[in-house]
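Visitor: give me a model of this one.
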Amino acid sequence: MSKTSKITREDSLKERALQILNLRYIIESDIKSSYKRRIWEYHPDRHPEAKSNSNKMLEYENKIKVINQSYELLLDILRGIQINMSKYSLLEDTGLVQSILPENVKPSPLGKTAMELWTENYGDML
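Guide: Residues are numbered from 1 along each chain as shown. Next comes the predicted model:
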């Protein structure tokens, strides 16, 4: 009989936060550098054309908020702080999260990420 483990809401949000920041493990230095890199992708200084387009600006602001919540959640977990789940509500917005995921963790039409497909095909070579 197989043993099934129940995935908690906290585990689900942690997994999303790791995917958003394109990380595999919770390591403080990696979290910080990935956070800076991901924020810069949507920063208004990098996209001056968005300043004149309020819809684009709002889209970038929402993506930055999701990245911020991912960063804060992972740091809270790392520091052992009790997690207040209501603080991370944007991480549960599947559409917004999907729009911000790096390409290697976006699900393919097969329902698996590029990383999962690669591991499935070439993982035994490692």
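
Visitor: for the protein, which segments count as helices?
Guide: Per DSSP state H, the chain carries helices over the ranges 9-20, 28-41, 54-78, 94-100, 114-122.

Visitor: Lys87: which of these is closest?
Guide: Lys87 lies closest, by Cβ to Cβ, to one member of the helices of the chain: helix 54-78, at 7.4 Å. Using the backbone N, CA and C atoms, a C-beta is placed for each residue, glycine as well.

Visitor: what residues sit buried inside the closest one?
Guide: By neighbour count, with 16 or more other Cβ atoms under 10 Å as the criterion, the buried positions of helix 54-78 are 60, 62-64, 66-67, 69-71, 73-77.

Visitor: and the residue nearest in space to the middle of the chain, what pLDDT?
Guide: The centre of the chain sits closest to Ile20, judged by Cα atoms, centre = their mean, with a distance of 1.5 Å. At Ile20, the pLDDT value in this model is 93.
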